[in-house]
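Trainee: Would you be able to build a 3D model of this:
(one chain, ligands or ions: 2)
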Amino acid sequence: MAEQVGTLTFGIIKPDAVRAGKIGQIIARITDSGFHLRAMKLIHMTRREAEGFYAIHRERPFFGELTEFMSGGPCVVMALEKDGAVRAWRDLMGATNPAQAEEGTLRKEFGASVGENAVHGSDSEENARLEISYFFSQIELV
Ligand code: IDP
Ligand code: MG
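Mentor: Ligands and ions are numbered 1, 2, ... in the order given. From the prediction side, this is the model:
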């Protein structure tokens, strides 16, 4: 495993952005912003896998819509490294609702609605570790 120079966060290029052909542009924005890719793969989650990933939102009114969307097509899951990675990745993503996201953020550029907002990012280092381990085994982290 390469020497770790920052902290890790977990990101997803969501099915809407994959469907729109934006994988390459989003990865370019990620690496141009100084993140190092530590793990990455294209997957298509089952409904159960999406429900497991978003279990924390089980009671929210949008849980059904969210897990249907996230299991509705392929997505790209990633472990990203940078100094202060959790915060830096959320800053690059922008607000949950693309209509409220700042200029220059990924959700502003690629998100269509509060549900279909192009990218996911962990909200804490602890959740980043849990989310990375949900999708990647030890040997998939470079
Ligand atoms: P975050 O992705 O910015 O951390 P969360 O509140 O954790 O936002 O919500 C997780 C995901 O659930 C969002 O990214 C979005 O895809 C979806 N979501 C959040 N709020 C709504 C809503 O009001 N309607 C539909 N989907 C929502
Ligand atoms: Mg969240």
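Trainee: Is Met78 in a helix, a strand, or coil?
Mentor: strand (DSSP: H, G, I helix; E, B strand; the rest coil).
Trainee: pretty sure Thr71 contacts Ile43?
Mentor: Just to correct that, residue 71 is Ser rather than Thr. No. In this structure, Ser71 is not within contact of Ile43 by CB atoms under 8 Å, at 10.4 Å. Any C-beta I mention is one placed from the backbone N, CA and C, and that applies to glycine too.
Trainee: the more surrounded of the two?
Mentor: Ser71 (18 against 12; other CB atoms under 10 Å).
Trainee: contacting residues for that one?
Mentor: Ser71 sits next to His44, Met45, Thr46, Arg47, Glu49, Ala50 when contact means CB atoms under 8 Å, 6 or more residues apart in numbering.
Trainee: tell me which of those residues is nearest to ligand 1?
Mentor: Ala50 (10.9 Å; CB to the nearest ligand atom).
Trainee: wait, what's in contact with the closest one?
Mentor: Applying CB under 8 Å, 6+ apart, the residues near Ala50 are Leu66, Thr67, Met70, Ser71.
Trainee: make it 7 Å
Mentor: Thr67, Met70, Ser71 (CB atoms under 7 Å, 6 or more residues apart in numbering).
Trainee: per-residue pLDDT, it?
Mentor: If you check Ala50, the pLDDT there is 98.
Trainee: ok, then the element right after the helix or strand hosting it?
Mentor: If you go by DSSP states H and E, Ala50 is part of helix 47-53. Tracing the chain past helix 47-53, the next element assigned as helix or strand by DSSP H and E is helix 63-70.
Trainee: Residue ranges in this protein under the pLDDT threshold?
Mentor: Along the chain, segments meeting pLDDT under 70 span 1-2.
Trainee: ok, Gly111 touching Asn117?
Mentor: Yes. Assessed by CB atoms under 7 Å, Gly111 is found in contact with Asn117 at 3.9 Å.
Trainee: Which neighbours do the two have in common?
Mentor: Pro98.
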